[in-house]
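Colleague: pasting the structure only:
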């Protein structure tokens, strides 16, 4: 399975694959599955949510916040 990104208005024709060689977003637990990934950007940064396979093979909802300041430091 591959990770893709796109703009809602261009869906599905505008989807672009993130990784050309292998899955770029693999859970270290259970089946390795991550699904339903969504990232939301606002003035404060990015907030990502996804379901991630666990050791028990359940799919808990995960989330991560990346502040604008941290994002700039990673991209500089």
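Modeller: Everything's here; your move. All of these numbers come straight from a predicted model, not from anything done at the bench. Numbering: from 1, shown residues only.

Colleague: show me the helices in this protein, by range?
Modeller: 68-75 (DSSP state H).

Colleague: residue ranges with poor pLDDT in it?
Modeller: 1-3, 19-24 (pLDDT under 70).

Colleague: tell me where it has strands.
Modeller: 4-5, 16-17, 34-42, 45-52, 61-67 (DSSP state E).

Colleague: quick one, which of these is nearest to residue 26?
Modeller: Comparison of the strands of the chain against residue 26 by Cβ to Cβ identifies strand 34-42 as nearest, at 6.8 Å. Glycine gets a C-beta too; all of them are placed from N, C-alpha and C.

Colleague: just checking, what packs against the closest one?
Modeller: Contact here means 3 or more Cβ pairs under 8 Å, 6 or more residues apart in numbering; DSSP states H and E; on that basis strand 34-42 packs against strand 45-52.

Colleague: rerun at 10 Å
Modeller: strand 4-5, strand 45-52, strand 61-67, helix 68-75 (3 or more Cβ pairs under 10 Å, 6 or more residues apart in numbering; DSSP states H and E).

Colleague: so of these, which one's packed in deepest?
Modeller: strand 45-52 (a mean of 16; mean count of other Cβ atoms under 10 Å).

Colleague: great, nothing more from me.
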